[in-house]
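Novice: Next come a sequence and a model predicted from it.
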Amino acid sequence: MVSRSSSGKGAAKPAARKTGVKAKAPDDPVVQVRLIGTDVAAFKQFIETTPLNFACAGPRVNAEGIATAHVLMKRSVADEAAKRGIVKVEITAELSANRAGQAAQIGKGNRFADPNVLPTGRGVLLRKPS
């Protein structure tokens, strides 16, 4: 028995791996957004038709019928959603700015190059280097 996913007769070849220089990040940063809607059906349709990713949990509806969700989306999409007015859009964080700051903290070089120098960290020294 041959499964459909096996590379049998007539199976398509896997896509070639892309190589080369990464494209520059566009000027449209990714933002974390809190969406709030009072109409659950319209809120559901908005989520299904808008390009977004859920930050952690899916949408929730409280006892009063107010739907909320924490999502990640491009700033231009968030601005357009705010203009449409179907849901209330609150930008809580700009993730692209955080990544730029984190990249600056990454050191250069090989911290293990000299065996006589111990790298800093939370480890416990079990024996002295020889």
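Specialist: Alright, I've got the coordinates.
Novice: Can you verify my assumption that residue 95 contacts residue 53?
Specialist: No - Residue 95 sits out of contact with residue 53 when judged by CB atoms under 8 Å, with a separation of 11.0 Å. To be clear about C-beta, it is placed using only N, CA and C from the backbone, and glycine gets the same treatment.
Novice: quick one: common contacting residues for those two?
Specialist: Each of residue 72 lies in contact with both residue 95 and residue 53 under the rule CB atoms under 8 Å, 6 or more residues apart in numbering.
Novice: residues in contact with stretch 48-58?
Specialist: Contacts of stretch 48-58 (CB under 8 Å, 6+ apart): 32-33, 69-74, 77, 81.
Novice: Any stretches of the chain with poor pLDDT?
Specialist: 1-26, 96-107, 111-112, 118-122, 125, 129-130 (pLDDT under 70).
Novice: repeat that with 90
Specialist: Counting by pLDDT under 90, the ranges of the chain that qualify are 1-30, 54-58, 84-86, 92-130.
Novice: Would you map the strands across it?
Specialist: 30-37, 53-54, 60-61, 67-74, 88-94 (DSSP state E).
Novice: CSV for those, including distance to residue 114 and mean neighbour count?
Specialist: Output for these, formatted as CSV (distance: least, CB to CB, whole Å; neighbours: other CB atoms under 10 Å):
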stretch, distance to residue 114, mean neighbour count
strand 30-37, 39, 20
strand 53-54, 43, 10
strand 60-61, 53, 12
strand 67-74, 41, 20
strand 88-94, 39, 14
